[in-house]
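*Asks:* Sequence and predicted structure below; questions after.
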There are 2 protein chains.
Amino acid sequence: MPTIKDVARIAGVSVATVSRVVNNAPKVSEKAKAKVNKVMEDLGYTPNANARALVMQKSTTMGVVIPDLTDPFFASLANGVEEAARENKMQLLLSTGMIDAESERKAITLLIEQQCDVLVVHSKKLSDEEIIKFAQKKPGLVLIDRYIKEIGNRCVWLDNLEGGKTAARHLLSLKHTEFACISSKYKIDDPELRTNGFQSEIEKAGYLLDKDLVEYGDPNLQGGEIATQKLLSTGKKFTAIFVYNDAMAIGAISTLENNGFNVPNDISVLGFDDVLLSRYSRPKLSTLHYPIKDMAIQAANIALAAVSNKTEESSKNNEYKYIPIIVKRESTSTKKAT
Amino acid sequence: MPTIKDVARIAGVSVATVSRVVNNAPKVSEKAKAKVNKVMEDLGYTPNANARALVMQKSTTMGVVIPDLTDPFFASLANGVEEAARENKMQLLLSTGMIDAESERKAITLLIEQQCDVLVVHSKKLSDEEIIKFAQKKPGLVLIDRYIKEIGNRCVWLDNLEGGKTAARHLLSLKHTEFACISSKYKIDDPELRTNGFQSEIEKAGYLLDKDLVEYGDPNLQGGEIATQKLLSTGKKFTAIFVYNDAMAIGAISTLENNGFNVPNDISVLGFDDVLLSRYSRPKLSTLHYPIKDMAIQAANIALAAVSNKTEESSKNNEYKYIPIIVKRESTSTKKAT
DNA sequence: AATATTAATGTAAACGTTTACACCTTTCAA
DNA sequence: TTGAAAGGTGTAAACGTTTACATTAATATT
């Protein structure tokens, strides 16, 4: 690969002049500019971003850590960060921390090694302490989808409790009174918060959420199917289910219909997340919109502001809490008279 | 951020020694190693990958260019490359070239500037010439999802024509004789090849593909719905549809069922790609498996071999052509007697 | 005890840029 | 005509590493 020195030598100028042309800095004659451009073209010269980053002491890469690209939810997250990167003429470094604390730690470390100043990280397994340590080291690190008090102004997160309540309110407003709930068996806060929010709002309205009608499963299609089967086998009656996520909700619908129930006429099904899938299901899935892409963009922007010292004094105590909103499609409806 | 010099100074050794410890090279005393490690820990030192890449003349980043992260198909592609990267202890730089030649060009250029030696690029808009030029400049650039003769051993692609034929054979084997086809209106080769392959195999079997029963639409849910509506409004009879991709196929099923047709009993629907979606549809979608993730991994490995001069002489004329295979689920079945 | 070997460490150049500073040439005002 | 300002260009240091080579210290061999 030709370097700036090659270009300089062949064009008969100094490297400084070439550098000026490349960055179209002022104070370079038209003649020199033309000659240098010509040589660069001929040689197929491409500046070395690494060398540049080294001397400038700042990189043009933005990093994102997610568990898994094939999950549409995380793909949206990455997509948001990518968009922010592109808008700021930066490049996206993506690292996956799939399973455990160790791989999350590694993903973050690798990104730091690559000199990403701006970092959007999704981490569920690392301890608060460790994340705080990372955050202290990198002022441009923003945590997404999780809240840690000590770095509250560097967290962009969704209020899952309120999400559960919103779900309950929606179903309540459709006159439902007998509820079921499908949650995730994963050991993270989200499922529990959603379920708790759901239950508390239902009880507040004077109804009950039967313990037997709360099932746990893997947060995917099959998990939804199995959980629904269990729900059905209790023999207890319910006319509305609040499901942990869209994939499970689609599994629930499938099992319900296979067992002769019409959705939403017999049973309403409400999902969570509003991923692509929900628009592809039949009936189209009613769900809670998790604005993950917007959140990712905001996270990136907060990080960006932090590294460029644009963070205003006033935002030191800001919190970036999002509340999911209902997207009513076809899988929920008013309770039918029986 | 502390540098190697800081570590050296505080540990009372030279930078060379620190470097040796970092890379656990031989010939460094246990005492020195311990001291250096301690200081690194205290300081929270992280090596600078940029500086390292600069002096080593090789980077640890792998680049991938795709149109759009939110499309599950491309997410799988990226996922494959990411996996290959991780396996080789490299980092993934992701760049999107959304729409036009210009943005594709830019995406590739930016990745080259970032010194990615290994590059997996998906490009439909750039001319053959331009891609060849990039490929000449970067020996580690591999093209995915497209074949260019001149750089045949650097292309990993799917035989769409054969895919169309395979689709036809599947439907034919299910005794269908009256076919419809939904294609994409995008100006790329793939839709045309698939349709042509489909048609040719049908004609070879002695049947016809009515021109009126070939519709074009946007390659998404809605496009599939609209195209199906048009198909239906011709009033002509057909018992099997071959659809350009899974999203459209799901749209087709939806419209069909809304119009009183049962899938697959009245009409079989066959998709293409085998993305996540196809497992979530009801009935579960029969489709052609496009092994995009495997292809991406192979592309990355070819690129990797090329930059490390591991490319064997014998593979100079290799071609990496994939053929999609039928995944029979529930949306296709033998033609029912009427 | 002297020497040869090996282990441990350090010095300094190199990687490809940017940019402060110095220098030379023009241009222009007084 | 002189001097100042502005325009154009070059020199060299710096960024954080790795590593060839040089040097010194420790150990083994005679």
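*Replies:* That came through, no problem.
*Asks:* Am I right that A:Met62 is in a strand?
*Replies:* Yes: assessed by DSSP: H, G, I helix; E, B strand; the rest coil, A:Met62 belongs to a strand.
*Asks:* Neighbours of it, how many?
*Replies:* 27 (other CB atoms under 10 Å in any protein chain shown). (Each C-beta comes from the backbone N, C-alpha and C, glycine too.)
*Asks:* for A:Lys237, same thing?
*Replies:* 11.
*Asks:* Let me know the distance separating A:Lys237 from A:Ser286.
*Replies:* 21 Å (CB to CB, to the nearest Å).
*Asks:* May I have the predicted confidence score for A:Pro26?
*Replies:* Reading off the confidence values, A:Pro26 has pLDDT 87.
*Asks:* Make sure it is indeed in a strand.
*Replies:* No: applying three-state DSSP, one finds A:Pro26 to be coil, outside a strand.
*Asks:* quick one: it from A:Arg20, how far?
*Replies:* A:Pro26 is 8 Å from A:Arg20, by CB to CB.
*Asks:* Which one's more surrounded, the two?
*Replies:* The neighbour comparison of A:Pro26 against A:Arg20 (other CB under 10 Å) goes to A:Arg20, with 18 against 5.
*Asks:* how close does that one sit to A:Leu43?
*Replies:* A:Arg20 is 17 Å from A:Leu43, by CB to CB.
*Asks:* before we move on, what about A:Leu288?
*Replies:* 55 Å.
*Asks:* In terms of packing, which of those two has more residues around it?
*Replies:* Between A:Leu288 and A:Leu43, A:Leu288 has the larger neighbour count (other CB under 10 Å), namely 26 against 15.
*Asks:* Give the bridge partners for that one, please.
*Replies:* A:Ile326 (DSSP bridges).
*Asks:* which residues in the stretch 101-250 of chain A form strands?
*Replies:* Taking DSSP state E, counting those that start in this stretch as the test, the strands found in the stretch 101-250 of chain A are A:118-121, A:141-144, A:155-158, A:179-184, A:214-217, A:240-243.
*Asks:* for chain A, which spans come out with low pLDDT?
*Replies:* A:338 (pLDDT under 70).
*Asks:* Distance of the residue nearest the centre of chain A relative to B:Asp159?
*Replies:* Of all residues in chain A, the one closest to the mean position by CA atoms, centre = their mean is A:Leu77, 3.3 Å from it. From A:Leu77 over to B:Asp159 the distance is 34 Å, taken as CB to CB.
*Asks:* what do you get for A:Ala306?
*Replies:* 49 Å.
*Asks:* Between those two, which has more neighbouring residues?
*Replies:* Shown here are A:Ala306 and B:Asp159; by other CB under 10 Å, A:Ala306 has more neighbours (20 against 16).
*Asks:* Who are the contact partners of that one?
*Replies:* Residues in contact with A:Ala306 (CB atoms under 8 Å, 6 or more residues apart in numbering or on different chains) are A:139-140, A:142, A:154.
*Asks:* Would it be right to say that the residue nearest to the centre of chain A lies in a helix?
*Replies:* Yes: looking at A:Leu77 with three-state DSSP, it is inside a helix.
*Asks:* show me what contacts it?
*Replies:* Applying CB under 8 Å, 6+ apart to A:Leu77 gives the contacts A:64, A:66, A:120, A:122, A:144-145, A:292-293, A:295-296.
*Asks:* Take the residues you listed and keep only those in helices.
*Replies:* A:292-293, A:295-296 (DSSP state H).
*Asks:* Could you let me know which of the residues you listed ends up closest to DNA strand C?
*Replies:* A:Ala296 (29.6 Å; CB to the nearest atom of the strand).
*Asks:* Please enumerate the helices of chain A.
*Replies:* A:4-11, A:15-22, A:30-43, A:49-56, A:72-87, A:101-113, A:128-137, A:160-173, A:189-204, A:221-233, A:246-258, A:276-280, A:292-307.
*Asks:* Pick the most deeply packed of those.
*Replies:* Ranked by mean neighbour count under mean count of other CB atoms under 10 Å in any protein chain shown, those are led by helix A:246-258, which reaches a mean of 25.
*Asks:* separation between the residue nearest to A:Asn48 when sequence neighbours are not counted and A:Gln91?
*Replies:* Spatial nearest neighbour of A:Asn48, excluding adjacent residues (CB to CB, 6 or more residues apart in numbering or on different chains): B:Gln115 at 6.1 Å. Taking CB to CB as the measure, B:Gln115 falls 11 Å from A:Gln91.
*Asks:* Between those two, which contacts overlap?
*Replies:* A:Ala49.
*Asks:* These two - which one has more neighbours?
*Replies:* A:Gln91 (25 against 22).
*Asks:* right, and the more buried one touches B:Gln91 too?
*Replies:* No: checked against CB atoms under 8 Å, the pair A:Gln91 and B:Gln91 is beyond contact range at 11.1 Å.
*Asks:* Within range of DNA strand C, give me the residues from chain A.
*Replies:* A:1, A:3-5, A:15-16, A:19-20, A:22-23, A:25, A:45-48, A:51-52, A:54-56 (CB under 7 Å from any atom of the strand).
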